[in-house]
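Participant: please work out how this folds:
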Amino acid sequence: MCESNVYLKENGTEKLIMENVAAITPAGENQFILKGLLGEQQQVSGIIENINLMGHKIILKAV
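Facilitator: Numbering: from 1, shown residues only. Model prediction:
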């Protein structure tokens, strides 16, 4: 499987916001739509800080 977990980093702390994310789509300035395996969606504000494909971890920094 190629899904990743997405975390939002705020004040130096990473908070898990969605597991098993299969796709991330830009939705405007500093906005992303996260799409899960089962069709669930979540919109989040932030900028990409780090993408670790081998570790299945994506970190967005709060803006």
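Participant: residues in contact with residue 20?
Facilitator: With contact taken as Cβ atoms under 8 Å, 6 or more residues apart in numbering, residue 20 is in contact with 3, 5, 36-37. Yep, even glycine has a C-beta here, placed from its N, CA and C like the rest.
Participant: of those, select the buried ones using a ChimeraX command.
Facilitator: In ChimeraX, a selection of the buried entries from the contacts of residue 20 looks like this (16 or more other Cβ atoms under 10 Å):
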select :5,36
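Participant: verify the stated contact: residue 51 with residue 58.
Facilitator: Yes - with contact defined as Cβ atoms under 8 Å, residue 51 reaches residue 58; the gap is 5.2 Å.
Participant: residues shared between the contacts of the two?
Facilitator: Common neighbours of residue 51 and residue 58 (Cβ under 8 Å, 6+ apart) are residue 4.
Participant: looking at the two, which one has more neighbours?
Facilitator: Per other Cβ atoms under 10 Å, whichever of residue 51 and residue 58 has more neighbours is residue 58, with 21 against 13.
Participant: how about the more buried one, what does it touch?
Facilitator: Per Cβ under 8 Å, 6+ apart, neighbours of residue 58: 4-7, 21, 24, 48, 50-52.
Participant: same question, residue 36
Facilitator: Going by Cβ under 8 Å, 6+ apart, residue 36 touches 3, 18-22, 42.
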